[in-house]
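1. I'd like to go over a predicted model; first the sequence, then the structure.
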Amino acid sequence: MIIEMVTGASQGEIDVVVDRAKSLGFKVQLNQGTDKTVVAILGGNTGQVQTDVFTVLPGVESVTRIMKPYKLAAREVQPIDTVVACNGIEIGSKRIVVIAGPCAVETREQMIEVAKQVKSSGASILRGGAFKPRTSPFSFQGLANAGLDLLSQARKESGLPVATEVVDPSDVTLVAETADILQIGSRNMQNYALLTSAGKSKRPIILKRGFACTITEWLTAADYLLDEGNKNVILCERGIRTFEDSVRFSLDIASIAVIKKVSHLPIIVDPSHAAGHYSFVPSIAKAAVAAGADGLLIEVHPNPKEALVDGAQSLTPVAFDRLMNELRPIAKSVGRYI
Ligand code: PEP
Ligand code: MN
């Protein structure tokens, strides 16, 4: 249930609403905008309470029920877009933020070389997985702690903040010591123990869409992070499983428009995992920018032929540079820049 207070409602009036909700056993989240305060009433059984319980209170403008299962990620709770700040970079603002780097951290040379190359092409955040959630237990699982160390070195040498995936709830604190941004992968979107643990971290979180999950399930998963007090959630569309098998996953381009309508969270797009092949990446990336994505997450490897993971979908630094130049006029045409 969402309670919109009148413009200029007093603190006393807000307190009465909050106390009433708490006395009924609900959790409350306050969103204090510049003009208005919105009070979100949270709990599984808000449907059993009459909206009039709040409508009659002084200073209340409107009371609306949210029928959707997600609440904190909903635009009704926060009408203004969330802008996530990371080392002076804003995600969800006018600048389209490009996060680039290899699928997996492999060697010091690989990371430092790619970090410098993507930076010179205009990327502002470096990616690379130290912990890799693989479909098969026999595939390369990442360098783990040694990979985190290489990420730190690349961060230091290039000056780029780093985004890396965390797969285990008990690793969140460790990964957050190195990472500027934590990534929760598609396979873990509904790993509620991981979401709860990551939500306690102060680091911004990229929440990838589960490849068999609806937008509603995605936003409900985001609520786990938000409910733990981490407001810095970045959604990442990376393609969903459909009957189409000529690409690895089908990028749901419409999800950008849907998220912009129903949520205040920024959304970035990963064209690499959707494409599955480097030749499809530029087209999907350009479509995402044209459709209003706030950023891109692109796999770039200094030598894709030798990559331990996802070489086929990785761009070479030269191809990445070309793509960045092609993206700039598209960003400009939709009132953004890269
Ligand atoms: C990745 O970013 O390397 C990754 C494993 O992505 P996803 O979780 O989207 O498959
Ligand atoms: Mn990958």
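-> Yep, it's here. Residues are numbered from 1 along each chain as shown. Ligands and ions are numbered 1, 2, ... in the order given.

2. For burial, what's the neighbour tally of the residue of the chain found nearest ligand 1?
-> For the chain, the nearest residue to ligand 1 under the criterion C-beta to the nearest ligand atom is Gly185, separated by 2.9 Å. In short, each C-beta sits where N, CA and C put it, glycine included. The tally of other residues near Gly185 (other C-beta atoms under 10 Å) stands at 23.

3. Please report how far it lies from Ser333.
-> Relative to Ser333, Gly185 is positioned 32 Å away (criterion: C-beta to C-beta, to the nearest Å).

4. again, but for Pro282
-> In this view, Pro282 and Ser333 are 16 Å apart by C-beta to C-beta.

5. which of those two has more neighbours?
-> Pro282 (19 against 10).

6. For the more buried one, which residues are in contact?
-> Shown in contact with Pro282 (C-beta atoms under 8 Å, 6 or more residues apart in numbering): Pro271, Ala319, Arg322, Leu323, Glu326.

7. ok so, going back, ok, the residue of the chain closest to ligand 1 to Val16 distance?
-> In this structure, Gly185 lies at 44 Å from Val16, with C-beta to C-beta as the measure.

8. go on, Glu217?
-> 35 Å.

9. quick one: the residue of the chain closest to ligand 1 and Glu165 touch, right?
-> Yes: because the distance of 5.3 Å satisfies C-beta atoms under 8 Å, Gly185 is recorded as touching Glu165.

10. which neighbours do these two share?
-> Counting by C-beta under 8 Å, 6+ apart, the common neighbours of Gly185 and Glu165 are Pro133.

11. The residue most central in space within the chain in helix, strand or coil?
-> The C-alpha lying nearest the average C-alpha coordinate of the chain belongs to Ile234 (C-alpha atoms, centre = their mean; 2.2 Å). In the three-state summary, Ile234 is assigned as strand, counting by DSSP: H, G, I helix; E, B strand; the rest coil.

12. list the contacts for it?
-> By C-beta under 8 Å, 6+ apart, Ile234 lies in contact with 84, 91-92, 181, 204-207, 265-268, 294-295.

13. which of these count as buried?
-> When neighbours are counted using 16 or more other C-beta atoms under 10 Å, the contacts of Ile234 contain these buried positions: 84, 91-92, 181, 204-207, 265-268, 294-295.

14. In the stretch 201-338 of the chain, what residue spans correspond to helices?
-> 215-227, 254-262, 271-275, 281-291, 317-333 (DSSP state H, counting those that start in this stretch).
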